[in-house]
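*Asks:* What would the 3D arrangement of this be:
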Amino acid sequence: MRAKRSVVFLVIGLLVLGACRAAPSEAPSPTVAAIKTGVGVEGLTIKLAEITPLTGTVAIIGKPLTRGHEVYFKYVNDVLGGIGKNLPKEQRYKVELVTVDSQYLPDVHVQQYNAVKDKVLAIAQSLGTPQTKAILQQIRSDKILTAAASLSADWFKETYVVPNGAPYIAQIANALQYLKDKGVQPKLGLIYQDDDYGAEGTAGIDYAANALGFTVVARASYKPTDTEFTAQVNTMKQAGADHVILTTTPTPSGRILGAAAALQYAPRWIGNSPAWIGALVGTKDKPSPLVPYMQQNLWVVTDQGCGWANIGPGCEGSKLMQENMAKFAPDQTPDYYFEFGYVQAMGIHAILEKAVEMRDLTRDGLVKAFEATKTIDTAGLRKKLGYGATCQEKVGVTGSTIWKIDTTQPIALAMVADVDSNLAKDYKYC
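*Replies:* Residues are numbered from 1 along each chain as shown. Down below sits the predicted model:
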């Protein structure tokens, strides 16, 4: 009996062993490819450059815009744990910003680009249209992704330039279409900066005026270094311009408006977004004497999106931005350019996340990630930004918000209208 039992157990054991051997083996775990890295990535640190005016008259734009970048990437590093949301936290990349002063001078911009280009993965901010155009050929040669802190329509055509919203031309087209829709037949004037930025104003007013049957009665330019604007204002006044586009920056805008008030000339001024900064109204304790004049006569046109006062449903991005500002930059006051920079940083973050997903944090990999990132959802701060491989994809948004001056609002702007006209859409950007 014992022998028979032993045989039975032996047979059962052999059958079980055979079954185990016959069972299909488990598939090996897939090997995750290492993330390729190159210049500007040191260990788990990604270095990005900021080329921006920290001194000079346009520092009032450059400083808050750069602060927007700093706050957003502080949020990415400290709250989100870094770049690479699907990586273990200890493997995520932290962002380090390398900031240099361009003084808003194209030649200095070139010098600063050359000083940082071999140290960084990408240029997270290149502020100014003429400044960015001054390094454009080098950007192409170096194949370095560059985020333009400028709304030139030309960026849509560039492989290595990341745009950041509706262009200046669209701002003018939307504003003039709004006038047309309201039954206004303006006598148009234009005061513009004598450089590539100002050329956007010229292109915008020529295109929109021709399409709408409006007459441009006067034009006047100025150099970025000019401090006196009475001649330009007189040109508008003597020509009878009753609506004047300002393709300017804040300091010239304030001086133009001051000269106009002194000459008792009060057209409807319509500023491209760089024409404005909240500091033009002064402070609560010391308001500018031009506030009543500006309230009566000035509009500013920007990208469409939630204002600082809008933090409800659909504007969650504005709420988070303000929470991050309070946490990481409590001394920062509400500012249009801070928001511009914050939104721009959101776009760079999305491209970096895509590059990690594609396992390639080299410069070539970052460009491929940019091309593969079609839209950026800013949670209401802006309309979805358009990215991609083609000019048509990058045009993305063309809508604008028209604002009037209201010192009770966080950045002294209150909405007049949102406009996303066919006129702005139909411009031949590509």
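
*Asks:* Tell me if I'm right that residue 367 and residue 143 touch.
*Replies:* Yes. Counting by CB atoms under 8 Å, residue 367 sits close enough to residue 143 to count as a contact (6.7 Å). Bear in mind the C-beta positions are built from the backbone N, C-alpha and C, glycine included.

*Asks:* So for the two, which sits in the more crowded spot?
*Replies:* residue 367 (20 against 13; other CB atoms under 10 Å).

*Asks:* Assumed that one was part of a strand.
*Replies:* No. Under DSSP: H, G, I helix; E, B strand; the rest coil, residue 367 sits outside any strand and is assigned helix.

*Asks:* Provide a list of residues in contact with it.
*Replies:* Going by CB atoms under 8 Å, 6 or more residues apart in numbering, residue 367 touches 143, 145, 159, 160.

*Asks:* Equivalent analysis for residue 232, please.
*Replies:* Contacts of residue 232 (CB under 8 Å, 6+ apart): 191, 220, 221, 222, 256, 259.

*Asks:* let's go with 6 Å and repeat that
*Replies:* By CB atoms under 6 Å, 6 or more residues apart in numbering, the contact set of residue 232 is 191, 220, 222.

*Asks:* Restricted to helices, list these.
*Replies:* Of these, none are assigned to helices by DSSP state H.

*Asks:* Can you flag the buried ones in those?
*Replies:* 191, 220, 222 (16 or more other CB atoms under 10 Å).

*Asks:* For the second one, which non-adjacent residue is closest in space?
*Replies:* Spatial nearest neighbour of residue 220, excluding adjacent residues (CB to CB, 6 or more residues apart in numbering): residue 232 at 3.9 Å.

*Asks:* just residue 100 next, same as before
*Replies:* residue 112 is the one closest to residue 100 (CB to CB, 6+ apart), at 4.2 Å.

*Asks:* any idea how far the helix or strand hosting that neighbour is from the chain center?
*Replies:* Using DSSP states H and E, residue 112 falls within helix 106-116. With CA atoms, centre = their mean, to the nearest Å as the basis, helix 106-116 stands 21 Å off its chain's centre.

*Asks:* ok, then the element right after that helix?
*Replies:* That would be, after helix 106-116 and using DSSP H and E, strand 122-127.

*Asks:* Which residues does that following strand contact?
*Replies:* So strand 122-127 is in contact with 48-52, 62, 132, 145-149, 348, 366, going by CB under 6 Å, 6+ apart.

*Asks:* And stretch 176-189, by the same measure?
*Replies:* So stretch 176-189 is contacted by 208-209, 212, 214, 216-218, 236, 240-244, 417, 419, 421, 423 (CB under 6 Å, 6+ apart).

*Asks:* From those residues, which land in strands?
*Replies:* Members of these lying in strands (criterion: DSSP state E): 216, 217, 218, 243, 244, 417, 419.

*Asks:* Just the pLDDT for the first one.
*Replies:* Per-residue confidence at residue 216 stands at 98 (pLDDT).

*Asks:* Spatially, what comes nearest to it if we skip its sequence neighbours?
*Replies:* residue 188 (4.6 Å).

*Asks:* Tell me how many other residues crowd residue 115.
*Replies:* So residue 115, with other CB under 10 Å, has 13 neighbours.

*Asks:* Got the confidence number for it?
*Replies:* As predicted, residue 115 sits at a pLDDT of 98.

*Asks:* Run through the residues that contact the closest residue to it other than its chain neighbours.
*Replies:* Nearest residue to residue 115 in three dimensions, chain neighbours excluded: residue 100, at 6.4 Å (CB to CB, 6+ apart). The contact partners of residue 100, by CB under 6 Å, 6+ apart, come to 51, 112, 116.

*Asks:* in its sheet, what does whatever helix or strand residue 100 lives in sit against?
*Replies:* Element membership of residue 100 [criterion: DSSP H and E] is strand 94-101. Paired neighbours of strand 94-101 in the sheet (DSSP bridges): strand 45-52 (parallel).
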